[in-house]
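Visitor: Dropping a prediction and its sequence here:
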Amino acid sequence: MSKLAVSCVLLTISVSVAMAADPQRDTARQRLIEKLKERRQSSASTAAAAGSETLKHAGKDRTYRLHRPKNITSGQPVPLVIVLHGFGADGGMTEALSGLNAVADKHGFAVVYPDGLGRMWRFWENLDGRIAPGSPDDVGFIEALIDHLVSTKVADSQRVYVTGISNGGFMSNRLGCSLSDKIAAIAPVAGSMPKLMSDKINAPRAMPVMTFHGTDDRIVKPNGADFFSKTELSLSATELAAWWAKSNGCSAKPVTEAMPDTADDGTRVTRHSYRNAQNETLVIHYEITGGGHTWPGGAFQPEILLGKTTKDINASELMWEFFHKHALPAKPQRDTK
């Protein structure tokens, strides 16, 4: 097993250990899972636009939940946001905690919540493009899912976006590099990129990125250390934003702005914006002082388990505001003369 694979497995184990580090947190975790399952089942029974579907990939049935915005004519392609769950969760749980369906209905885009096999995303596999024996090929699955939703006229092929939390945030960063020809922008939440991966991978084009990370995240620590080994195996939250800024040709020094403190929740939010030579903001990092391993503005996130959830901002609204400004760059026209 390569050093990269070992470090990524260690990161995955550390998340599991951190989530069950003491009995109180383990009890809170079980209650959270129960609440999210109840919310998922309730939403499925009351919303005709949502449902679980299956797509065959790499010899396995892969599942996902699709939400189409209300009042959209069937066969009318719309922008698509792919939402990736964290380790130990699934698409339905992330649907409940993110609140993205309501944002989608408001702004007219579709949302899909795929499920990772074993409730995880193997973001470190197949970096060289060759599919290892036994690999679920998660990158290939997301690519196949995009192609399927485009071909069935659910999604606008020029406006596909990816977000995810924790393990799903790591996967979002991977997809931003590996599927930059299909994904217009990404917005990882409480996720990073292993340092060994950052030396082996890059995005072939400028990839607009918005990130969110709490300073008190004890599961994916903002300094890049994992809970289990205490080793800084991943890029820190600041390093991740700087890595994307460099990749996108942006200034190394961000424009920093304190966001309004509108909620008495023990958190403060600072926005760091990186601009390119054309003064386009291609990377934005939201630093949540006092924030935990949580989705900003999200629901069903017990503080005893995950830390504080800021209500000063809503990640789902902010990422859509960012996403809708970006589409895949037009392909150069072939000269037929």
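Guide: Nice, thanks for sending it over. Note that this is a predicted model, so its numbers are computed, not measured.
Visitor: is it fair to say Val139 lies in a strand?
Guide: No: according to DSSP: H, G, I helix; E, B strand; the rest coil, Val139 belongs to no strand; its state is helix.
Visitor: In space, what's closest to it - neighbours in sequence excluded?
Guide: Among residues not flanking Val139 along the chain, Ser178 sits closest, at 5.1 Å (CB to CB, 6 or more residues apart in numbering). Where you see a C-beta, it was placed from the backbone N, CA and C, and this is true even at glycine.
Visitor: Please apply the same query to Val150.
Guide: The shortest distance from Val150 to any non-neighbouring residue, by CB to CB, 6+ apart, is to Ser157 (4.6 Å).
Visitor: Same question for the one you found, what's its three-state structure.
Guide: When the rule is three-state DSSP, Ser157 gets the label strand.
Visitor: if I pick it, what's in contact with it?
Guide: By CB atoms under 8 Å, 6 or more residues apart in numbering, the contact list for Ser157 reads Pro77, Ile146, Val150, Lys182, Leu328.
Visitor: so can I have TSV of those residues showing neighbour count and distance to Phe322?
Guide: Below are the contacts of Ser157 laid out as TSV (neighbours: other CB atoms under 10 Å; distance: CB to CB, whole Å):
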residue	neighbour count	distance to Phe322
Pro77	17	21
Ile146	21	19
Val150	17	22
Lys182	17	18
Leu328	17	15
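Visitor: pLDDT added to the residues you listed, as a markdown table?
Guide: Converted to a markdown table, the contacts of Ser157 look like this (pLDDT from 0 to 100):
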| residue | pLDDT |
| --- | --- |
| Pro77 | 96 |
| Ile146 | 98 |
| Val150 | 98 |
| Lys182 | 98 |
| Leu328 | 97 |
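Visitor: Export those to TSV and append columns for secondary structure.
Guide: Formatted as TSV, those follow (three-state DSSP):
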residue	secondary structure
Pro77	coil
Ile146	helix
Val150	helix
Lys182	coil
Leu328	coil
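Visitor: Among those residues, which one sits closest to His107?
Guide: Of all those, Pro77 has the smallest distance to His107: 15.0 Å, by CB to CB.
Visitor: you'd agree that closest one is up against Ser151?
Guide: No: using CB atoms under 8 Å, Pro77 is not in contact with Ser151, being 10.2 Å away.
Visitor: Provide a complete list of residue ranges assigned to helices in the chain.
Guide: Taking DSSP state H as the criterion, the chain carries its helices at 3-19, 23-46, 91-98, 100-107, 138-151, 167-178, 195-198, 237-247, 303-306, 315-323.
Visitor: what stretches of this protein score poorly on pLDDT?
Guide: The chain contains residues with pLDDT under 70 at 1-51, 332-337.
Visitor: wait, what's in contact with the residue nearest the centre of it?
Guide: Centroid check for the chain by CA atoms, centre = their mean gives Gly164 as the closest residue, at 1.8 Å. For Gly164, the contact set (CB under 8 Å, 6+ apart) comprises Val83, Leu84, His85, Gly86, Thr94, Trp121, Phe170, Met171, Ser172, Pro188, Val189, Gly191.
Visitor: Not counting its neighbours along the chain, what's nearest the fourth one?
Guide: The one in question is Gly86. Of all residues not flanking Gly86 in the chain, Ser166 sits nearest, at 3.3 Å (CB to CB, 6+ apart).
Visitor: Tell me the one of the contacts of Gly164 nearest Ile288?
Guide: Of all the contacts of Gly164, Ile288 sits closest to Val189, with 10.2 Å by CB to CB.
Visitor: Roughly how far does the closest one sit from Val220?
Guide: As judged by CB to CB, to the nearest Å, Val189 and Val220 stand 10 Å apart.
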